[in-house]
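S.K.: let's see this in three dimensions:
(2 chains)
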Amino acid sequence: MPWTREQIAERAAQELQDGFYVNLGIGIPTLVANYIPEGMTVTLQSENGMLGMGPFPTPDKIDPDLINAGKQTITALPKTSYFSSSDSFGMIRGGHINLSILGAMEVSENGDLANWMVPGKLVKGMGGAMDLVAGVKRCVVIMDHTDKSGKSKLLKKCTLPLTGVHCVQRIITNLGVFDIVPGGLKIMEIAPGVTEDEIRSKTEATLVA
Amino acid sequence: MSKSKVYDSAKAALEGVLFDGMMVMSGGFGLCGIPENLIAALRDSGVKGLTVVSNNAGVDDFGLGLLLQTRQIKKMISSYVGENETFEKQYLAKELELEFNPQGTLAERIRAGGAGIPGFYTKTGVGTLIAEGKEHKDFDGETYILERGLKADLAIVKAWKGDAEGNLVYRETARNFNPMMATAGKITVAEVEKIVPVGSLDPDHIHTPGIFVQRIVTGKFEKRIEKRTVREN
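M.R.: As a prediction, the model looks like this:
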């Protein structure tokens, strides 16, 4: 069985290391926070201006002044600090964040990422994604392996406008874990019950041994 | 005795500073920390042809969405506008201009504008649509693009507490773009939840020094929540 969304998030949590400062993107990446291994200290940065993000609030603790980058209500921790957007992106652009886990529409075999627009159709914007992929030390993409019509999202070359070039180091999909290496993508792990043949048939990008 | 910075309504605080075609910076992230009373006063003023610099565009019936409904905005400079259908409709129908800036680039453009820095180099956006037509320059083996500082005719910001000197303190994540915008307006108008006596704010804890704020006003706040999310138990 391919991994579910929760299992992708759980697998992505293995990318965390003790003492890391981490930025989690909107959507499935947010779920990674639920799987931080016990005993590990990870500090979550939210690009709207918060370091040390806590869990979602109980209904009596909702505070409209306290949200995450996905605009969800959130809570603080004893170690929390708040700051402006320019300080926040100083942390990001300045290379102070260890790891960014974010979603994608397409990733190419040389680590290019597209996740912010579909020309003529979807007008949302890049938010902080371009700054994150340009500035954070390591970028891990988590996404479904194929789109709704079954087409590979791991491509030789992205077809959509790019968010960044050569910026992704690892991709975790519902089918497995892939590293960007010279010449293409290397299969690092295969989800339980998935075969390498299935991965090959669903991957347009070059897979190298 | 100089003229007081304290105004008794959002409408009064905008008097004499508005003109059609002006550029306005508006603080906030999503609906958090937006100058909701000043946005409503802008709508009521009828000023039009606005270029609005704001990270987001509000939702259909709150925040900057109010100015989209009345078509007072000609152009938005933003990083993310995904929560607003009116926006998407007007943009796809080519009734509204849009300049997307990466969020960190937008924040830094505003910071630079307020600090007298006309441009800066960043690696954000290199190799993407954002870099097209911009100067590229290599530093230490890496490529960067030139981005320009940004100033506005008017900045409207929201803070938690302020005093008659214009000193401001923000609260939690409602700070976001407000401090930089306060520095980058030719005129900056701040709306605050409480106007406190001068001397009652700890000088060590002031986020925006009063020199950046020309007018200050208090008001009632709805503080609408965009995505109420709770945990079980």
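S.K.: and the helices in chain B?
M.R.: B:10-13, B:36-45, B:65-69, B:85-92, B:103-114, B:178-184 (DSSP state H).
S.K.: from the chain's centroid, how far away is the second one?
M.R.: To tie it back to what came earlier, the one meant is helix B:36-45. Taking C-alpha atoms, centre = their mean, to the nearest Å, one finds helix B:36-45 lying 14 Å from the centre of the chain it belongs to.
S.K.: returning to what we had before: mean neighbour count, distance to residue B:230 and mean pLDDT added to the helices of chain B, as JSON lines?
M.R.: C-beta here means a position set from N, CA and C on the backbone, and glycine is covered the same way. As requested, the helices of chain B are exported to JSON lines (neighbours: other C-beta atoms under 10 Å in any protein chain shown; distance: least, C-beta to C-beta, whole Å; pLDDT from 0 to 100):
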{"stretch": "helix B:10-13", "mean neighbour count": "19", "distance to residue B:230": "32", "mean pLDDT": "98"}
{"stretch": "helix B:36-45", "mean neighbour count": "21", "distance to residue B:230": "23", "mean pLDDT": "98"}
{"stretch": "helix B:65-69", "mean neighbour count": "21", "distance to residue B:230": "25", "mean pLDDT": "95"}
{"stretch": "helix B:85-92", "mean neighbour count": "17", "distance to residue B:230": "25", "mean pLDDT": "85"}
{"stretch": "helix B:103-114", "mean neighbour count": "27", "distance to residue B:230": "26", "mean pLDDT": "98"}
{"stretch": "helix B:178-184", "mean neighbour count": "28", "distance to residue B:230": "26", "mean pLDDT": "98"}
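S.K.: distance to residue A:78 for the ones you listed - can I get that in JSON lines?
M.R.: Listed next are the helices of chain B as JSON lines, based on distance: least, C-beta to C-beta, whole Å:
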{"stretch": "helix B:10-13", "distance to residue A:78": "37"}
{"stretch": "helix B:36-45", "distance to residue A:78": "31"}
{"stretch": "helix B:65-69", "distance to residue A:78": "37"}
{"stretch": "helix B:85-92", "distance to residue A:78": "39"}
{"stretch": "helix B:103-114", "distance to residue A:78": "27"}
{"stretch": "helix B:178-184", "distance to residue A:78": "24"}
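S.K.: closest to residue A:134 out of these?
M.R.: For residue A:134, the closest of the helices of chain B is helix B:103-114, at 8.5 Å, according to C-beta to C-beta.
S.K.: nearest to chain A, of the helices of chain B?
M.R.: helix B:103-114 (3.0 Å; C-beta to the nearest C-beta).
S.K.: CA atoms only: put that closest one into CSV for me.
M.R.: Taking C-alpha atoms only, helix B:103-114 is exported to CSV below (Å, rounded to 0.1, in the frame of the first residue of the first chain):
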residue,chain,number,x,y,z
GLN,B,103,7.2,37.5,0.8
GLY,B,104,10.7,38.0,2.0
THR,B,105,11.6,40.2,-0.9
LEU,B,106,8.4,42.3,-0.3
ALA,B,107,9.3,42.7,3.4
GLU,B,108,12.9,43.7,2.6
ARG,B,109,11.8,46.1,-0.2
ILE,B,110,9.7,47.9,2.4
ARG,B,111,12.4,47.8,5.0
ALA,B,112,14.9,49.2,2.5
GLY,B,113,12.5,51.9,1.3
GLY,B,114,12.0,53.1,4.8
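S.K.: and it, what does it pack against?
M.R.: In terms of contacts (3 or more C-beta pairs under 8 Å, 6 or more residues apart in numbering or on different chains; DSSP states H and E), helix B:103-114 is packed against helix A:85-93, helix A:129-135, strand B:119-122, strand B:142-148, helix B:178-184.
S.K.: return the helix or strand in chain A with minimum mean pLDDT.
M.R.: None of the helices or strands of chain A scores lower by mean pLDDT, DSSP states H and E than strand A:122-123, at a mean of 73.
S.K.: contacts for that one next, please.
M.R.: Defining contact as C-beta atoms under 8 Å, 6 or more residues apart in numbering or on different chains, one finds that strand A:122-123 is touched by A:117, B:81-82, B:87-88, B:91-92, B:98.
S.K.: redo that, cut-off 7 Å
M.R.: Under the contact criterion C-beta atoms under 7 Å, 6 or more residues apart in numbering or on different chains, strand A:122-123 has outside partners A:117, B:81, B:88, B:91-92.
S.K.: may I see those organised as JSON lines, with distance to residue B:147 added?
M.R.: Output for the contacts of strand A:122-123, formatted as JSON lines (distance: C-beta to C-beta, whole Å):
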{"residue": "A:117", "distance to residue B:147": "19"}
{"residue": "B:81", "distance to residue B:147": "20"}
{"residue": "B:88", "distance to residue B:147": "26"}
{"residue": "B:91", "distance to residue B:147": "23"}
{"residue": "B:92", "distance to residue B:147": "27"}
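S.K.: and of those residues, the nearest to residue A:174?
M.R.: Using C-beta to C-beta, those come closest to residue A:174 at residue A:117, 23.8 Å.
S.K.: just read off the phi/psi values of the closest residue to that closest one other than its chain neighbours.
M.R.: Excluding its sequence neighbours, the residue lying closest to residue A:117 (C-beta to C-beta, 6 or more residues apart in numbering or on different chains) is residue A:161, at 5.4 Å. The phi and psi torsions at residue A:161 (degrees, to the nearest 10) take the values phi -60, psi 140.
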